[in-house]
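Novice: please find the sequence and the predicted model below.
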Amino acid sequence: MPDRPPIVKFDHVEKRYGDGPVILDDLSFEARRGDFVSLIGPSGCGKSTILKLISGLNPITRGTATVEGVAPTEAAQELAFVFQEPTLLPWLNVQHNVEVPLKLRGTDRTKRVKLAQTCLDLVGLKERATYYPRQLSGGQKMRVSIARALSLSPKILLLDEPFGALDEMTRDHLNEELLAIRAQKEWTAFFVTHSVAEAVFLSNRIFVLSANPGRLHREIKVDLPYPRTDDTRQSPEYQRLVAEVSKLLRSVESAHR
Ligand SMILES: Nc1ncnc2c1ncn2[C@@H]1O[C@H](COP(=O)(O)OP(=O)(O)OP(=O)(O)O)[C@@H](O)[C@H]1O
């Protein structure tokens with residue numbers, strides 16, 4: 001069977017905001033279906049900008065970018081975003097929060113309710129469907145935010161530091177849950193993080209970016225087998241990769257100062 005085309009392709013992409021400086025320079029990569037790509041690099045190197053370009057929220061300045069073979073603006077239906085802030089509506093309960101994007105898409109009520117219930121089940125919050133955001137912990141709010149994104153059945157999930165505000169234990173736990181969900185409902189992920197350990201745990205590919213302008217400094221492949229569990233974190237190969245990526249990150253950060 002012929003190889004399917006890449007799900008996301010950047011070819012010599014440059015990005016400036018207005019007539020400002022070059023933010024991303026000559027960025028080329030191909031992502032395949034099912035890739036879990038983490039983006040890591042110094043603050044301001046353009047990680048969130050890459051997500052915005054993939055989503056079509058922001059236009060590229062030069063080069064070409066395609067999602068499923070078409071311009072990102074034409075592929076918006078294929079994507080969903082998860083941000084660092086869960087951005088739940090405080091006056092709606094959990095079930096209704098998850099239904100919001102489906103409602104905006106015009107999905108009928110019966111289907112909407114069912115889809116939201118399935119996704120809440122997936123993130124382990126079925127029992128909290130009638131709770132309001134103020135009654136949830138930080139980790140639970142993030143799970144609702146993930147359920148809301150998954151309810152759109154995206155082919156690509158864009159995650160911008162989703163666990164950055166959570167304590168380490170909750171973060172480790174949600175990392176494991178995220179991979180477990182992905183094993184059931186596969187999507188391609190682009191995941192922005194400042195945590196090397198998180199990037200190695202989740203990804204099969206890590207893009208280490210340098211700054212001013214943002215460039216793809218190195219790609220690290222993570223061949224650790226899935227499913228990954230807490231035992232993965234104890235393995236010598238995981239620890240070797242964490243050390244390798246940390247060293248690379250230190251070198252791009254010192255060049256940035
Ligand atoms: N809408 C915008 N208009 C002008 N400049 C912008 C805009 N959005 C981002 N930038 C600039 O682009 C650069 C990259 O920002 P971006 O948020 O993509 O970086 P980042 O790597 O995600 O940063 P951080 O790790 O600190 O979150 C920064 O210098 C930022 O000021």
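Specialist: Perfect, thanks for sending it.
Novice: ends of stretch 219-229, what's the gap?
Specialist: End-to-end distance of stretch 219-229 (CA to CA, to the nearest Å): 23 Å.
Novice: just stretch 211-225 next, same as before
Specialist: 31 Å.
Novice: who touches it?
Specialist: Contacts with stretch 211-225, where a contact means CB atoms under 8 Å, 6 or more residues apart in numbering, come from 21-29, 41-47, 49-50, 200, 203-210, 232, 235, 237-238, 241, 244-245, 248, 252, 256. Bear in mind the C-beta positions are built from the backbone N, C-alpha and C, glycine included.
Novice: do it and the ligand meet?
Specialist: No. Legend: contact between stretch 211-225 and the ligand by CB under 6 Å from any ligand atom is lacking; minimum distance shown is 6.8 Å.
Novice: related to what we said a few turns ago, among the contacts of stretch 211-225, name the ones in helices.
Specialist: Within those, residues falling in helices by DSSP state H are 47, 49-50, 200, 232, 237-238, 241, 244-245, 248, 252, 256.
Novice: restrict the residues you listed to those near the ligand?
Specialist: The overlap between those and the neighbours of the ligand (CB under 6 Å from any ligand atom) comes to Lys47, Thr49.
Novice: just give me the least confident of the ones in helices among the contacts of stretch 211-225.
Specialist: Scanning the ones in helices among the contacts of stretch 211-225 for pLDDT, the smallest score is found at His256, 68.
Novice: run a quick neighbour tally on Asn204.
Specialist: Look at Asn204: counted by other CB atoms under 10 Å, it has 16 neighbours.
Novice: what does it show for phi and psi?
Specialist: Here the main-chain torsion angles of Asn204 (degrees, to the nearest 10) amount to phi -100, psi -10.
Novice: ok, it - contacts?
Specialist: For Asn204, the contacting residues are Asp35, Phe36, Val37, Lys221, Val222, Asp223, by CB under 8 Å, 6+ apart.
Novice: closest one of those to the ligand?
Specialist: Val37 (14.5 Å; CB to the nearest ligand atom).
Novice: and the helix or strand of the chain with the lowest mean pLDDT, what does it pack onto?
Specialist: In the chain, no helix or strand scores lower on mean pLDDT, DSSP states H and E than helix 168-184, which sits at a mean of 89. Helix 168-184 sits against helix 138-150, helix 196-202, helix 230-234, with contacts defined as 3 or more CB pairs under 8 Å, 6 or more residues apart in numbering; DSSP states H and E.
Novice: can you put those in CSV and add mean neighbour count?
Specialist: Converted to CSV, these look like this (neighbours: other CB atoms under 10 Å):
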stretch, mean neighbour count
helix 138-150, 23
helix 196-202, 24
helix 230-234, 12
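Novice: mind putting these in CSV, distance to Leu115 included?
Specialist: Compiled in CSV, those are given as follows (distance: least, CB to CB, whole Å):
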stretch, distance to Leu115
helix 138-150, 9
helix 196-202, 25
helix 230-234, 31
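Novice: ok, back up a step: which of the contacts of Asn204 are buried?
Specialist: The neighbour-count test (16 or more other CB atoms under 10 Å) marks Asp35, Phe36, Val37, Val222 as buried among these.
Novice: of these, closest to Gln140?
Specialist: Distance to Gln140, by CB to CB, is smallest for Phe36 among those, at 23.3 Å.
Novice: cool, thanks, talk later.
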